[in-house]
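Trainee: The sequence and its predicted three-dimensional model are supplied below.
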Amino acid sequence: MGFPGTWMTESESMVYRVVPKCACSTIGQIMYYSDHGAFFDGDIHDATDGLHKWALDHSQAPIERNVKAHGSYSFTCVRNPYTRILSSFFDKICGIQRNGRRYRGNLVPSLVQKYGIEVGDPETGFEFDQIRSFRRFLLFARDTVRWRRPMDPDIHWSAMSGHISTFIVNGGRYDNIFWTERFNDGMQSVLDAVETPKSVDLAAIPRFNESEGHGPKRAHPVEDYFDDLSMHLVYEMYKKDFVLFKYDFENPANKMPVGEVDLDEVHAKLGN
């Protein structure tokens with residue numbers, strides 16, 4: 001199994017377990033910059049050198065050796081499950097991807113047909129009933145997470161705890177799990193704990209939101225998208241995420257965490 005989704009600086013100053021839709025583009029660019037004093041020219045997900053990634057064959061041995069020995073400071077970043085699933089919908093289902101096409105080829109047409117989802121069209125300014133369409137998408141997402149049909153859950157809406165657990169189960173240990181909602185504080189706490197070849201001034205780092213501008217803008221407050229049934233579906237998919245990462249299930253309008261992440265609890269509950 002190894003350590004899928006794990007990135008490590010070439011200097012081995014830090015190890016990061018990627019969680020999709022949780023500031024991963026910005027974190028990857030900060031890691032790259034901390035080694036090279038410059039950002040990767042393009043989407044950091046496309047980089048094949050300058051940063052160790054488990055998906056690259058030459059990176060697997062150094063990552064495995066480091067993580068199993070806990071040789072570097074290891075961290076990840078999480079996000080409120082309500083805003084994360086909404087972001088996945090607008091980016092991956094409604095948005096046009098970097099290659100100019102819809103995400104995963106025939107996925108969107110099949111959702112339009114089977115679940116009655118509308119996604120709008122860039123030609124007409126993405127006009128559609130966002131709330132109704134999102135709630136239908138939630139039914140599809142729940143079907144993938146709960147029953148793995150009509151497909152396995154996509155990494156962008158599978159539970160954060162699932163991503164985070166693979167690192168623990170295979171022998172890794174986190175030193176820090178911070179929140180996207182308090183990104184500067186969290187990322188600064190990582191940088192304070194490590195020594196990097198190049199110094200990083202977090203205040204001067206731009207945000208690398210690679211999914212922005214490719215799809216419709218969210219037209220309503222977060223809470224408007226979630227009625228009782230939607231909240232039930234979200235809890236069914238993300239109960240562990242709410243509990244372990246201390247987010248407020250009762251109030252979709254509150255994106256901020258309501259407690260501190262207990263690393264011992266995370267390792268105990270995700271480590272089997």
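Mentor: Thanks, I have the structure now. Residues are numbered from 1 along each chain as shown.
Trainee: so is F75 in a helix, a strand, or just coil?
Mentor: Using DSSP: H, G, I helix; E, B strand; the rest coil, the structure places F75 in strand.
Trainee: got a list of what it touches?
Mentor: 14-17, 174-178, 190 (Cβ atoms under 8 Å, 6 or more residues apart in numbering). In this view, the C-beta of every residue, glycine as well, is placed from N, C-alpha and C.
Trainee: likewise I44?
Mentor: If you count contacts by Cβ under 8 Å, 6+ apart, then I44 has 25, 28-29, 32, 51, 208 around it.
Trainee: Tally up the residues packed near the residue nearest to F140 when sequence neighbours are not counted, please.
Mentor: Leaving aside its sequence neighbours, F140 sits nearest to Y115 (Cβ to Cβ, 6 or more residues apart in numbering; 5.0 Å). Using other Cβ atoms under 10 Å, Y115 has 17 neighbouring residues.
Trainee: Verify the stated contact: Y115 with L138.
Mentor: No. If you go by Cβ atoms under 8 Å, Y115 and L138 don't touch, sitting 9.6 Å apart.
Trainee: any idea where the strands of the stretch 101-250 of the chain begin and end?
Mentor: 176-179 (DSSP state E, counting those that start in this stretch).
Trainee: So which elements touch the lowest-mean-pLDDT helix or strand in the chain?
Mentor: Ranked by mean pLDDT, DSSP states H and E, the weakest helix or strand in the chain is helix 107-115, scoring a mean of 94. The helices and strands touching helix 107-115, judged by 3 or more Cβ pairs under 8 Å, 6 or more residues apart in numbering; DSSP states H and E, are helix 130-147.
Trainee: list the helices and strands the helix it packs on packs on?
Mentor: If contacts are counted by 3+ Cβ pairs under 8 Å, 6+ apart, helix 130-147 sits against helix 81-88, helix 107-115, helix 228-245.
Trainee: can you give me the angle it makes with helix 107-115?
Mentor: Relative orientation of helix 130-147 versus helix 107-115 (axes from the mean of the first three to the mean of the last three Cα atoms, to 10 degrees): 90 degrees.
Trainee: gap between helix 130-147 and the chain center?
Mentor: On the basis of Cα atoms, centre = their mean, to the nearest Å, helix 130-147 sits 18 Å off its chain's mean C-alpha point.
Trainee: Got the confidence number for the residue lying farthest from the centre of the chain?
Mentor: Distance to the chain centre peaks in the chain at T124, reaching 29.4 Å (criterion: Cα atoms, centre = their mean). Predicted confidence (pLDDT) for T124: 75.
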